[in-house]
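Undergrad: Got a sequence here, can you build the structure:
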Amino acid sequence: MGRIRIKKGDEVVVISGTDKDVKGRVLEVIPATGKILVEGVNVRRRSWRRGVNPDLPDGGIHEKSLPVDASNVMLLDPESGEPTRIGIRHEVDADGNRRRIRFAKKSGKTIPEQF
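TA: Below is the predicted model:
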């Protein structure tokens, strides 16, 4: 399994599966399984009877997003808003430290850090 170049907070689009063409923000990256949790994607509903779930004492329907495989999503280009592949470029900052910078392959623009 390769390295996941998508990070928490990135804007992505699903490129295959039942939620194809749905855009969302990455909530969590799970490198051990190669999966990504995306807001509003792969949402499952579960009905609870009264008294079974302490979080829903009166019962009801609970919605939960499940992870999707990292290969099924692409990062959105910061310039055009279209899906793009991610490249890594090494740059030296003002202090002389070498840093890994992510960039969009379509436009060549640097992908801004979310934090």
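
Undergrad: which residues of the chain score low on pLDDT?
TA: Where the chain drops to pLDDT under 70, the residues are 1, 115.

Undergrad: State the distance from the spatially most central residue of it to residue 35.
TA: Centroid-nearest residue in the chain, with CA atoms, centre = their mean: residue 26, separated by 3.1 Å. Residue 26 sits 11 Å away from residue 35, going by CB to CB, to the nearest Å. The C-beta positions use only the backbone N, C-alpha and C, and glycine is treated the same way.

Undergrad: on that earlier part again, I'd like to check which residues are in contact with the residue nearest to the centre of the chain.
TA: 6, 7, 8, 9, 10, 11, 12, 36, 37, 38, 39 (CB atoms under 8 Å, 6 or more residues apart in numbering).

Undergrad: Now it. Nearest residue, chain neighbours left out?
TA: residue 10 (4.8 Å; CB to CB, 6 or more residues apart in numbering).

Undergrad: how about the one you found, phi and psi?
TA: Main-chain torsions, residue 10, degrees, to the nearest 10: phi -70, psi 150.

Undergrad: Wait, it touches residue 27, no?
TA: No: between residue 10 and residue 27 there is no contact under CB atoms under 8 Å: 10.4 Å.

Undergrad: Look at those two and report which has more neighbours.
TA: More crowded of residue 10 and residue 27, by other CB atoms under 10 Å: residue 10, with 22 against 15.

Undergrad: ok, that one to residue 102 distance?
TA: 9 Å.

Undergrad: swap in residue 34?
TA: Counting by CB to CB, the gap from residue 34 to residue 102 is 18 Å.

Undergrad: Now do the end-to-end distance for stretch 56-71.
TA: Stretch 56-71 has its terminal residues 35 Å apart, counting by CA to CA, to the nearest Å.
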